[in-house]
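Trainee: based on what follows, work out the 3D shape:
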Amino acid sequence: MTAGTTEEDGRIALIQSDIWIGFPRAEQVLDRLQGMIEAPRQTRMPGLLVHGASGIGKTMIARNLSRKYAPEYDPPSGITRTPLLLLQAPPAPDERRFYLHILAAVGAPATALSARAQNVASLEVRVIALLRDLGLRMIMIDEVHNLLAGTHREQRRFLNVLRYLSNELEVSLVCLGVSEAVDAIRGDLQLARRLDEHHLPNWRDDAEFSDMIQTLIAAMPLEKKSNLKVKSLKQMLALTGGVTSRIFALIKDLSIDAIVTGDECITDDAIAKWTPVWSRHASAGRRLEKSRV
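Mentor: As a prediction, the model looks like this:
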């Protein structure tokens with residue numbers, strides 16, 4: 001604890017940090033991905049398409065796996081082994097931009113000829129050579145629905161690039177995105193056949209949701225146990241629309257308030273009075289629009 005920082009400040013900082021809180025739905029996907037990355041190399045490596053609403057937890061899962069398989073420097077070879085490469089799809093399905101993004105992600109050294117001045121074929125050769133030396137086992141493409149910003153032809157070319165990288169490097173390919181991207185990927189029959197689909201639905205009013213809320217609250221550094229009524233659970237579901245990121249925001253916000261007020265637990269009354277951050281922004285926006293009329 002640094003000078004001038006109270007115990008409460010430390011707990012609030014912990015709540016605000018990007019901590020991993022495991023729950024069965026997320027752990028199920030992680031276990032599946034870990035099995036893929038540990039699988040022996042084969043001509044046709046397994047792949048997965050994880051899809052669901054924005055904020056449902058896809059990126060959270062990808063980042064957690066990326067931390068588990070972080071790059072490690074190998075002194076004898078002088079190479080940083082990178083079993084997993086997590087990338088974000090470019091804003092539009094652009095091959096050149098994607099290859100440049102890969103080079104930047106792996107810290108590729110500069111060449112005599114600027115990468116931007118090289119044609120797509122040259123970039124492709126360089127990317128393949130670099131990734132092969134890294135001991136790569138899996139490529140994860142987050143926000144894959146960005147390909148929908150391109151024409152049908154551009155989408156096909158981008159999907160061909162993903163399939164080519166997976167084939168050439170004998171690595172597993174994992175794509176993550178909103179469900180709208182599923183139809184686009186299914187349009188490439190060869191790629192669709194090798195990508196199993198795993199849908200992450202919005203949370204519903206059931207035992208799974210109740211268990212997740214209990215797990216999440218238990219992970220908060222509060223001094224007292226939170227005993228919530230079923231009505232409060234239903235209200236949390238209604239406030240968040242069953243979106244994971246919003247549920248996390250709600251629990252974290254209420255936990256911080258509990259520390260500041262000294263309640264040290266999340267109460268039914270606090271949930272009843274809580275206003276979603278996204279609703280506050282929407283209300284402020286509406287007031288601003290009215291003031292301009």
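Trainee: neighbours around the residue nearest to Pro276 when sequence neighbours are not counted, how many?
Mentor: Distances taken as CB to CB, 6 or more residues apart in numbering place Leu239 nearest to Pro276, at 5.5 Å, with adjacent residues excluded. Yep, even glycine has a C-beta here, placed from its N, CA and C like the rest. For Leu239, the count of nearby residues is 17 (other CB atoms under 10 Å).
Trainee: Leu239 and Ile247, how far apart?
Mentor: Using CB to CB, to the nearest Å, one gets 9 Å for the distance from Leu239 to Ile247.
Trainee: can you pull out the strands in the stretch 151-293 of the chain?
Mentor: 172-177, 195-200 (DSSP state E, counting those that start in this stretch).
Trainee: just those: most buried one?
Mentor: strand 172-177 (a mean of 26; mean count of other CB atoms under 10 Å).
Trainee: and it, what does it pack onto?
Mentor: Secondary-structure packing of strand 172-177 (3 or more CB pairs under 8 Å, 6 or more residues apart in numbering; DSSP states H and E): helix 24-38, strand 47-52, helix 58-68, strand 138-142, helix 152-169.
Trainee: right, and the ones you listed - which one's nearest Val260?
Mentor: helix 58-68 (26.0 Å; CB to CB).
Trainee: quick one: buried residues of the closest one?
Mentor: Lys58, Thr59, Met60, Ile61, Ala62, Asn64, Leu65, Ser66 (16 or more other CB atoms under 10 Å).
Trainee: the first one reaches Gly52, doesn't it?
Mentor: Same thing as Lys58. Yes. Counting by CB atoms under 8 Å, Lys58 touches Gly52, with 6.2 Å between them.
Trainee: low-confidence ranges in the stretch 101-250 of the chain?
Mentor: Along the stretch 101-250 of the chain, the parts satisfying pLDDT under 70 run over 110-117.
Trainee: just to be sure, Leu86 is in a helix?
Mentor: No. Applying DSSP: H, G, I helix; E, B strand; the rest coil, one finds Leu86 to be strand, outside a helix.
Trainee: helices of this protein, start to end?
Mentor: With helices called from DSSP state H, the chain shows them at 7-16, 24-38, 58-68, 95-105, 120-133, 152-169, 181-186, 189-194, 207-218, 230-240, 244-261, 268-273, 277-292.
Trainee: burial check on Ile217, number of neighbours?
Mentor: Applying other CB under 10 Å, we find 18 residues neighbouring Ile217.
Trainee: which residue, other than its chain neighbours, is closest to it?
Mentor: That would be Ser226: by CB to CB, 6+ apart, it lies 5.1 Å from Ile217.
Trainee: and that neighbour, how far is that from Leu162?
Mentor: Distance from Ser226 to Leu162, by CB to CB: 44 Å.
Trainee: domain-wise, how is this protein divided?
Mentor: 22-197, 201-287 (the TED database).
Trainee: residue contacts, the residue nearest to Pro276?
Mentor: If you count contacts by CB atoms under 8 Å, 6 or more residues apart in numbering, Leu239 has them with Arg246, Leu250, Trp274, Pro276.
Trainee: swap in Met138?
Mentor: If a contact means CB under 8 Å, 6+ apart, then Met138 has Leu33, Met36, Ile37, Tyr69, Pro83, Leu84, Leu85, Val171, Ser172, Leu173, Val174 as its contacts.
Trainee: partners of it in the sheet?
Mentor: Leu84, Ser172 (DSSP bridges).
Trainee: of all residues in the protein, which one is nearest the centre?
Mentor: Geometric centre of the chain, nearest residue: Thr59, 0.3 Å, by CA atoms, centre = their mean.
Trainee: setting aside sequence neighbours, what's the nearest residue to it?
Mentor: Spatial nearest neighbour of Thr59, chain neighbours left out: Asp142 (5.7 Å); criterion: CB to CB, 6+ apart.
Trainee: start to end distance for stretch 41-54?
Mentor: End-to-end span of stretch 41-54 (CA to CA, to the nearest Å): 32 Å.
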